[in-house]
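Q: Test case, fold it:
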Amino acid sequence: MRKLFVALLCLLPPSLVAQDNMSMAASPSHAVELGATASFDAHGRLWMVDAADEHVRLRYSDDFGTTFSAPVIVNAQPEPIYYRSENRPKLAVGTHGELYVTWSQSLAKPWTGYVRFARSLDGGVHFSTPVTVHVDRTQIGHTFDALAVDGEGRVVVAWIDKRDAEAASIQRKPYLGAALYYSWSNDQGHTFVPERKLVDHSCDCCRIALTRTPEGDIAAFFRSIFGDNIRDHAYAVLHTDAQPNKVQRATFDNWQIAACPRHGPGLAIAADGTRHAVWYVAKDTPAIWYGQLDPGHPPRHAQVIAGAGASHGDVAVDGSTVWVVWNQVDAQGYSLMVRRSSDAGTHFDAPRTLATTASSAGSPQLLLWHGHAYVAWNTTEGFRVLTVGEH
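A: Coordinates of the predicted model:
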C-alpha cells in the first residue's frame, strides 16, 4: 500500500503535495520521524542528534558510523518535537568542542512552535536546561530552525517565523508566506540577543541552509517569495553587528506556486568563495538543480542534477571536488544517489547509487572529514553513514 501511495504522490500537483506534507508536519506523532543531523568534531568523532518519545537524543561514533554510543537525553523534561526531514533537530560543534543543539518545539495549535536550544560544555555528558531562543512568545510558527557557529565562535540560529503574517491577518492586510528571523549568542549559548528580522515573505516550510563563509561569517540560502507567489531562493550574510543585512535573489526559475514545496536548498562555500548550491524546482518537470550562486544574478553553471522522483538534495565541496546527494523515490522505495564533479562544479559524472531502502528515508546530509566525503542517511531500517568518495 505504501509503495502505491508513493507512486501516486509523484503524480500529484505540487500544491497538493505541499499541503499534504504540511498537514503531516502538524501532527508529528503520527508521522515516520526520520529527522537527524550529524557533524564531525575537530578530532574526527561523529556526533548525531535525533528525537524520539518527546526527547532529543545525542549519540557519537568513533568509527565513522559503524557503531554508536548509548544515547544521551538533551532535554530532561519531555516536550512535543518536530523531527521530520525538513524540520529536524540540529547539531553544531563549537570552536572548542562545545556541543550546541536546537529543535522546534511543537505547540498546541497546528503549525506553531518555539525554537529551543541546549548546550553541552563537557563533551555531551551533561546538557543545560533548554531555553527558547526568541523573545517573542506568541503561539505562532517559530520553526524550521537552522544552526551554525561562525569563525568567532558565535552561535547563530535562524528560523521561519509567522509573527508578521499573523499581524497582517489581524489587520486584514495581505501577506505571503512567513518571515525569516535570526539571533546569535556571544557567550557560547549562555544568552541570545533579541531576534532580528532578515526578510519578509520567506517560504513557509522549506529548510534554511546555513554555512560559514571564508571570512567566518554565516551565510543563509533559503526559499523566498517574489512577486505573486514566485518561490525562488534568496541569499544573505547574517550579520552579528550593526551592519544592515542585504538579501538578494539568487535563483530565477520563476516557479509560481501558492503552497510551500517543502524542499529546502543546500549550500556549500569553497575556500575561494565560490557558492555551490542545490535546490528543487517543479515548474515544468520536477528536478534538483545545481549552480554557483551570484546573488542578484542567475547562478553560473546551472544544470539539472536529477529529474522526476528526486528530492532533498545536499552539496559539499573540498577544493575542486563537489559532491551532490539526494533521495530518489520510485515504486520500490528510496535510493540514495550521488554525483561528483572534479572541476569545481562545471561538469558532473553520472549518477551513482549508494544505498537503497524499501522503507521511508530522511533527507541525506553530506559531511566532510580530511578530504573524505560521507553521507548521513536515516531510514526506518536505521541510521547509516556511507562513504561517498575522496577529494
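Q: where does the stretch 51-200 of the chain dip in pLDDT?
A: Counting by pLDDT under 70, the stretch 51-200 of the chain contains no low-confidence range.
Q: Helices along that one, start to end?
A: 163-170 (DSSP state H, counting those that start in this stretch).
Q: For stretch 89-104, list every residue counted as buried.
A: By 16 or more other C-beta atoms under 10 Å, the buried positions in stretch 89-104 come out as 89-94, 98-104. From N, CA and C alone the C-beta is placed, and that goes for glycine too.
Q: again, but for stretch 225-238
A: 225-226, 230-238.
Q: of those, closest to W289?
A: H233 (10.0 Å; C-beta to C-beta).
Q: What distance do you get for the closest one to F252?
A: 9 Å (C-beta to C-beta, to the nearest Å).
Q: Check P265 too.
A: P265 is 14 Å from F252, by C-beta to C-beta.
Q: These two: who's more crowded?
A: P265 (25 against 14; other C-beta atoms under 10 Å).
Q: Spatially nearest residue to that one, not counting backbone neighbours?
A: W279 (4.0 Å; C-beta to C-beta, 6 or more residues apart in numbering).
Q: so R262 touches C206, yeah?
A: Yes: proximity of R262 to C206 meets the contact threshold set by C-beta atoms under 8 Å, at 6.3 Å.
Q: Overlap of the contact sets of those two?
A: In terms of C-beta atoms under 8 Å, 6 or more residues apart in numbering, R262 and C206 are both contacted by the residues E86.
Q: which residues does P194 contact?
A: 135, 183 are the contacts of P194 under C-beta under 8 Å, 6+ apart.
Q: Quick check: phi and psi at it.
A: phi -60, psi 140 (degrees, to the nearest 10).
Q: distance of it from H263?
A: 31 Å.
Q: quick one: low-confidence ranges for the stretch 251-391 of the chain?
A: In the stretch 251-391 of the chain (pLDDT under 70), the answer is 390-391.
Q: ok, back up a step: doesn't the residue nearest to P265 belong to a strand?
A: Yes: W279 forms part of a strand when assessed by DSSP: H, G, I helix; E, B strand; the rest coil.
Q: Next, work out how far apart it and G273 are.
A: Taking C-beta to C-beta, one finds W279 at 19 Å from G273.
Q: Settle it for me: which of these two has more neighbours?
A: More crowded of W279 and G273, by other C-beta under 10 Å: W279, with 32 against 9.
Q: Just confirm the more buried one contacts W255, I think it does.
A: No: contact criterion C-beta under 8 Å: W279 and W255 do not qualify, at 9.9 Å.
Q: How much space separates the residue nearest to W255 when sequence neighbours are not counted from I230?
A: Nearest residue to W255 in three dimensions, chain neighbours excluded: K283, at 4.1 Å (C-beta to C-beta, 6+ apart). From K283 over to I230 the distance is 10 Å, taken as C-beta to C-beta.
Q: Identify the contacts common to those two.
A: 254-256.
Q: how near is the residue sitting nearest the centre point of the chain to Q188?
A: Closest residue to the average C-alpha location of the chain: R207 at 4.4 Å, with C-alpha atoms, centre = their mean. Per C-beta to C-beta, R207 is found 25 Å from Q188.
Q: so which helix or strand takes in the nearest residue to A250 once chain neighbours are set aside?
A: Leaving aside its chain neighbours, A250 sits nearest to Y235 (4.1 Å; criterion: C-beta to C-beta, 6+ apart). Here Y235, judged by DSSP states H and E, is contained in strand 233-237.
Q: Direction included, what does that strand pair against?
A: Here strand 233-237 is paired, per DSSP bridges, with strand 218-223 (antiparallel), strand 248-249 (antiparallel).
Q: quick one: contacts for S320?
A: 342-344.
Q: Please, a ChimeraX command that selects the buried ones among these?
A: In ChimeraX syntax, the buried subset of the contacts of S320 is picked out as below (16+ other C-beta under 10 Å):
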select :344
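Q: any idea which of the contacts of S320 is the one closest to A316?
A: A344 (12.8 Å).
Q: how far away is G264 from V133?
A: G264 is 19 Å from V133, by C-beta to C-beta.
Q: Run the chain-centre distance for the host helix or strand of H276.
A: Taking DSSP H and E as the definition, H276 sits inside strand 275-281. Centroid displacement of strand 275-281 relative to its chain, using C-alpha atoms, centre = their mean, to the nearest Å, is 12 Å.
Q: Counting by contacts, list what it packs against.
A: strand 218-223, strand 233-237, strand 266-269, strand 287-294, strand 310-318, strand 321-330 (3 or more C-beta pairs under 8 Å, 6 or more residues apart in numbering; DSSP states H and E).
Q: Can you give the strand pairings for that strand, parallel or anti for each?
A: strand 266-269 (antiparallel), strand 287-294 (antiparallel).
Q: Mind giving me the packing neighbours of the helix or strand encompassing L386?
A: In the assignment (DSSP H and E), L386 maps to strand 382-390. In terms of contacts (3+ C-beta pairs under 8 Å, 6+ apart), strand 382-390 is packed against strand 46-52, strand 321-330, strand 333-341, strand 352-357, strand 372-379.
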